[in-house]
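In: Predicted structure and sequence below. I'll ask about it afterward.
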Amino acid sequence: MPGGRLTQQERQQIALGLADGLAYAEIARRLDRPTSTITREVMRNGGPTAYRADLAHRATERRTHRRKPAAPRTAEALPQAHGRDADAVREFEETFTTVLMASGMPTMMSRVMACLTLTDAGSLTAAELVQRLQVSPASISKAVAFLETQGFVRRERDERRRERYVVDDDIWYQSMISSARSTAQIVTTARQGVGVLGRDTPAAHRLENVARFLDFVSESIQRAAEQARDILHPKTGVPAGAGAPDGDDE
């Protein structure tokens with residue numbers, strides 16, 4: 001499998017593949033590259049609908065030129081536990097970040113979320129995030145505030161009274177419930193609009209259809225999230241799957 005940076009010809013093949021509606025995995029197979037390389041390349045350069053090979057190539061050259069005089073980043077020097085390959089971990093963190101960005105999460109919030117998720121402790125202080133991501137404390141503060149509003153991160157104090165930002169098994173459940181509640185608020189507002197616009201008008205019918213659809217989706221998300229948490233992360237003291245083989249949970 002070839003290594004190194006993508007060539008301009010490879011970027012042109014990526015653009016052609018996207019235009020033909022090919023999946024990232026298929027484009028990667030044709031170029032004999034890892035799927036993560038193609039995913040990262042596309043998401044860095046406008047996404048699947050706006051990717052242009054010539055612009056992507058020039059942008060990469062500019063990034064490379066800016067990096068040359070810079071000293072190695074502190075985050076790259078951090079030791080890896082459990083015998084992990086540091087380069088592989090960095091590459092996966094970047095891939096995970098781009099996937100979060102593709103889901104609609106802003107860039108810095110995606111970087112913080114990925115960084116927290118991939119730590120064994122599942123928590124870091126603001127200072128640790130600043131060191132790992134090489135950004136300002138203000139950027140970390142803003143990102144964490146956003147992630148909190150979405151239910152992705154919670155705060156707690158450690159034994160040294162430092163504030164830590166935490167992700168755990170329950171965070172994704174809380175985020176899904178928060179999302180469902182936001183959707184439910186849209187439902188309520190849409191149905192208020194039905195009365196304002198006149199129940200028998202086309203606009204009111206449209207709003208009612210929106211409300212019915214989102215109401216069904218919201219209830220389904222909450223029900224599925226609760227069922228998943230009960231099955232996958234049962235409360236302490238409640239036996240999970242008596243008689244079943246032990247899983248990977250510690």
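Out: On my side now, so go ahead. Every value quoted in this text rests on a predicted model; they were computed, and no experiment measured them.
In: Can you name the helix or strand that residue 211 falls in?
Out: helix 202-232 (DSSP states H and E).
In: can you give me the offset of that helix from its chain's centre?
Out: Its chain's C-alpha centre and that of helix 202-232 lie 22 Å apart, by C-alpha atoms, centre = their mean, to the nearest Å.
In: Mind checking the pLDDT average for it?
Out: What helix 202-232 shows for mean pLDDT is 92.
In: So which elements touch that helix?
Out: Applying 3 or more C-beta pairs under 8 Å, 6 or more residues apart in numbering; DSSP states H and E, we find helix 202-232 packed against helix 169-197. For glycine as for every other residue, the C-beta is placed from the backbone atoms N, C-alpha and C.
In: okay, the angle between the helix it packs on and helix 202-232?
Out: Orientation check (axes from the mean of the first three to the mean of the last three C-alpha atoms, to 10 degrees): helix 169-197 against helix 202-232 gives 160 degrees.
In: What residues sit buried inside helix 169-197?
Out: Across helix 169-197, burial judged by 16 or more other C-beta atoms under 10 Å covers 171-177, 179-180, 183-184, 187, 190-191, 193-194, 197.
In: immediately after the helix or strand bottoming out on mean pLDDT in the chain, which helix or strand?
Out: Ranking every helix and strand in the chain by mean pLDDT, DSSP states H and E puts helix 74-77 at the bottom, with a mean of 45. Using DSSP H and E, the helix or strand that follows helix 74-77 in sequence is helix 86-102.
In: Flag every buried residue along the helix holding residue 211.
Out: Using 16+ other C-beta under 10 Å as the test for burial, helix 202-232 gives 204, 207-208, 210-211, 214-215, 218, 221-222, 225, 229.
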